[in-house]
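Student: sequence plus the predicted model coming up.
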Amino acid sequence: MSESYLKKENLTKLIEAFTGGGGVFIAPTVEDRQIFYRPVSTGEEITFDYIVPKNSHKEILFPQTEVVANYRIGKDAVDVEGVEIDPPETVFFGIRPCDAASVASLRSVFTWDFIDTYYTKREEKTLFIGVACTIADDSCFCTTVGVTPDGSEGSDLLLKETEGGNYIVEVVTERGGEFVKRFDDIFTGPAPGGAVDGMKPIVDVPVLEGVNREKIHDFLKNTDHYENNALWGEMARKCMGCGACTFGCPTCHCFDIIDEGTAFGGERRKNWDACQFDFFTTHAGGGHNPRDTQYKRWRNRFMCKFNYYPNKFTSKGCVGCGRCIRVCPVRLDITEVMEDISQQ
Amino acid sequence: MATEEAAIENTEQKAPWEPKITAFVCNWCTYAGADLAGTSRMEYRPNVRIIKLPCTGRIDPLFIIKAFERGSDAVLVSGCHPGDCHYTTGNYHARRRWIAFNSLMKFVGIDLRRLQFSWVSASEAIKWVDLINNLTTEVKDLGPFVDYKKL
Amino acid sequence: MEKALQDKARELLEAGDVKVVIGYGWNKRKTQTTPVFITDPADVERLVFNPLCVNNLSLYLTRQYKDIQALGKPAIVAKGCDIRTIAVLIAEGQVARDGIVIIGAVCNGVVYRQELWKGELTPEIMPTKCHNCDVRNPHIADHIVGDPVDFQPPDDPSGMVYDKIGALDGQEDGDRWSFWMEHFERCVKCYACSKICPLCYCERCIVEKNMPQWIETSAHARGNLAWNLTRAMHLAGRCTFCGECERACPVDIPLNLVNQKLALTIDDAFEYKSGYDENEHPPLIVYSPDDEENFIK
């Protein structure tokens, strides 16, 4: 594990050098008073004052909508032509350790029983430059689910801010190392003849005392509790099924395949879907819906993240980024539910 | 979509661009008026595609949005004069809806010259012919509805 | 005032007629308010009322919340703006007036977003609807808690939303189109706007119809435009400007502008403001032979 040094003032040089070769540089930037990850072309567009931006890397690796096939309806036959993607080289700058840990979660699902090349091709071309957290808010709960504010899992390079506003660069993967070598005039070593300016303290995100992960695990494994409608009803009654939590969550991965077109042809698209939507589990031909009320759908969200997903994969169902809590219009707080279940 | 783009390109190579106008008309008045224009052998611009509905009250703003989505450069909505509706009150309801919809389309930035409303009765074949001719000329000058097609 | 509210809730629950009180409570960390459903008179102390109570709780009275309806007759804590929504729900036959108990709460304004609260309610953090509110004293209620206030809204609607609408109206078509496309491109089709709107109560929304698919569900600008235009039209003459749609939007699309522009048009054309009289018909289901038609050829 080697270390380098990156000055903030050299970011524009880095971006220009990288995008000059046809790459796309994505970083947190202010858009209409909120912070989103978007492609940038200069260092000045990047904002450094954020906890997590509103969107996540999910939008880049797994776009909200994309065409997977085109079809033409002729007189005697239907012509279907699959779409192959050729994503550009991408640098994802400023990913937080929580989000970085969730890249593995998406990868698990999209390489599980079928290799989804729409995902894998994008991930292969993306380099993650993580930035360790020096600030947090009360919606962050990474430490409660086993992630740390300075964790390097999922990042190719991990940047730690210094008091002087620059970065100490820790090379985590071989890919990260190659990137540093490629731009070794920008990623310099420590200033010659002197120590690097001191590091900003990593923020302390206290583990939520009320949450007992083992108890939650045991509780959810017991299928009797699944039918305990009174408990789930009470905890999730206020949920109104908007799907904002699902769409912001970096590990949520469900999608819908739909056809959009005219009588002559059209596109087959892969769009984000959410288990919170009313008709998510409606059965074809019959219309029976096993999750017919909202709290049942919210119960599924919780079970999926803390039971079904961890049972199948070693990656995490929830990384504690807190987006769901911040965006929920009725403030349905997943950590409160974790605390309630821990007390059962 | 690929086929439509190819079709547009093909026609552009052969002839100058002609606007595509979709007209939502009511069966009892405007459609009859257009019929009368036809039986009277009146000539008028061929750019309009007529969609016949029983009454203008049936027109959902979604129809108009869909018409623009599918490539119309302009939309015309036409029905019976107030007081003459075959179903008595259909066009009154439609009028209210159009007041709201017109304001919304303008607010979103759509040129209202591309969205026109009219009352044409079953005997007003001449009015229909003039309406189509004028609308076609106006839209031809405006050009294709590129903003929507680009979406 | 909170004590009066809690006492009233306890009284109603103990009397037995009301089975659940839908109100506002603190979250565990006491940093934000959240909807609570009190069924036990012993729990009424969870009820609070303060400028952080932004939610429009009338959402939970609508038809799709069958598990809440199963709890029994509700009493609802409602600010004036929420009561306007309830009035529209009653006018449209979704809620029976005698099927609910309205606990009207006198309100001096709320914050635009709960995160903006720093301890004091200042005009800058209040949404436009509060600056123009003429129902700070609830106009329809079975019980009222809080002392009446004397607040005169300006004669003409004013504030950020109306200023922006005025500014947009003055622009060229092309500029307005660019403004809206920039916003609608961000839409991710999460439907939070529709889910949080108490008046979007259709059990099968038009966007969920797929034979044929009228409104495309993909998040491209074409589908987003169709969705937002349709929702605005379906709310024409009904929207009471509670502002929840804009608050719920995870990508901050200024939905208030579109819905209020339509409300202004409706008021202009038909002299109607929704939510003041629960016996009045919404304007788009009635008509007048004298409606203006200067735009019709």
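Tutor: Received the coordinates, thanks. Quantities reported herein were computed from a predicted structural model and do not represent experimental measurements.
Student: only C-alpha atoms from now on, for both contacts and neighbour counts.
Tutor: Fine.
Student: can you map out the strands along chain B?
Tutor: Taking DSSP state E as the test, the strands found in chain B are B:21-26, B:48-53, B:74-79, B:115-119.
Student: contact partners of the third one?
Tutor: Translated: strand B:74-79. Here strand B:74-79 makes contact (C-alpha atoms under 8 Å, 6 or more residues apart in numbering or on different chains) with B:19-26, B:29-30, B:55-56, B:64, B:67-68, B:91, B:113-121, B:139, B:145.
Student: buried ones among the residues you listed?
Tutor: Neighbour-count burial (16 or more other C-alpha atoms under 10 Å in any protein chain shown) applied to the contacts of strand B:74-79 gives B:19-26, B:29-30, B:55-56, B:64, B:67-68, B:91, B:114-121, B:139, B:145.
Student: show me what from chain B comes close to chain C.
Tutor: Selection of chain B residues close to chain C by C-alpha under 8 Å from any C-alpha of the partner chain yields B:61-62, B:65-66, B:69, B:82-83, B:92-93, B:95-97, B:99-101, B:103-104, B:106-111, B:116-119, B:148, B:151.
Student: can you select the buried ones from those residues in PyMOL?
Tutor: Burial among those is assessed by 16+ other C-alpha under 10 Å; the matching PyMOL selection reads:
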select buried, chain B and resi 61+62+65+69+82+92+93+95+96+97+99+100+101+103+104+106+107+108+109+110+111+116+117+118+119+148
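Student: what's across from the one residue in the stretch 51-200 of chain A that gets nearest to chain B in the sheet?
Tutor: Taking C-alpha to the nearest C-alpha, chain B has its nearest neighbour within the stretch 51-200 of chain A at A:R72, 7.6 Å off. When assigned by DSSP bridges, A:R72 has beta-bridge partners A:D79, A:G265.
Student: thought it was touching A:G265?
Tutor: Yes. Using C-alpha atoms under 8 Å, A:R72 is in contact with A:G265, at 4.1 Å.
Student: just to revisit the earlier point, pipe the strands of chain B into JSON lines and attach distance to A:V109 and mean pLDDT per row.
Tutor: Below are the strands of chain B laid out as JSON lines (distance: least, C-alpha to C-alpha, whole Å; pLDDT from 0 to 100):
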{"stretch": "strand B:21-26", "distance to A:V109": "46", "mean pLDDT": "94"}
{"stretch": "strand B:48-53", "distance to A:V109": "47", "mean pLDDT": "94"}
{"stretch": "strand B:74-79", "distance to A:V109": "46", "mean pLDDT": "94"}
{"stretch": "strand B:115-119", "distance to A:V109": "47", "mean pLDDT": "94"}
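Student: which one of the ones you listed lies closest to A:D292?
Tutor: strand B:48-53 (37.1 Å; C-alpha to C-alpha).
Student: show me what counts as buried in that closest one.
Tutor: B:48, B:50, B:53.
Student: distance of C:V20 relative to chain B?
Tutor: 39 Å (C-alpha to the nearest C-alpha, to the nearest Å).
Student: and C:G16, by the same measure?
Tutor: 45 Å.
Student: C:P127 too?
Tutor: Taking C-alpha to the nearest C-alpha, one finds C:P127 at 22 Å from chain B.
Student: which SSE is C:T34 in?
Tutor: In the assignment (DSSP states H and E), C:T34 maps to strand C:33-38.
Student: which stretches of chain A form helices?
Tutor: A:11-20, A:58-61, A:97-110, A:117-124, A:174-182, A:213-221, A:223-226, A:229-236, A:244-248, A:294-303, A:309-312, A:323-327, A:334-342 (DSSP state H).
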